[in-house]
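Asks: Sequence and predicted structure below; questions after.
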Amino acid sequence: MKDLWVLEWSHEANTFHVQELKRSIDGWRRHFLANSAPNDWVPIFVGTEQEVDAEAERLDQIMVARAQIRREQNGA
């Protein structure tokens with residue numbers, strides 16, 4: 001897991017989050033051990049830090065397009 005990063009997406013926050021994969025897994029493990037409800041961050045891409053940053057940028061363009069479609073559908 002060394003040098004691997006994860007791109008996570010939150011439906012609730014409608015945003016991305018980038019962090020080291022080990023840190024992400026450690027957080028999920030803590031939720032499991034505490035039998036607590038985790039947040040809604042969903043891992044959607046794993047790679048090097050540069051790959052994850054590039055994927056976040058690419059997917060951000062999709063989110064911008066989705067927001068524009070929603071505005072148009074709502075008559076804004």
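Replies: Structure received. Residues are numbered from 1 along each chain as shown.
Asks: how deep is E8 tucked in, by neighbour count?
Replies: Around E8 there are 19 other residues, counting by other C-beta atoms under 10 Å. In this view, the C-beta of every residue, glycine as well, is placed from N, C-alpha and C.
Asks: what do you get for the one 3 residues further on?
Replies: Under the neighbour criterion other C-beta under 10 Å, H11 is assigned a count of 9.
Asks: Enumerate every residue touching it.
Replies: Residues in contact with H11 (C-beta atoms under 8 Å, 6 or more residues apart in numbering) are 40, 42.
Asks: Roughly how far does it sit from G75?
Replies: As judged by C-beta to C-beta, to the nearest Å, H11 and G75 stand 24 Å apart.
Asks: In this structure, where is pLDDT below threshold?
Replies: Applying pLDDT under 70 to the chain picks out residues 1, 76.
Asks: which of the residues in the lengthiest helix in it are buried?
Replies: Longest helix in the chain, counting residues (DSSP state H): helix 49-73. For helix 49-73, a neighbour-count test (16 or more other C-beta atoms under 10 Å) marks 52, 55-56 as buried.
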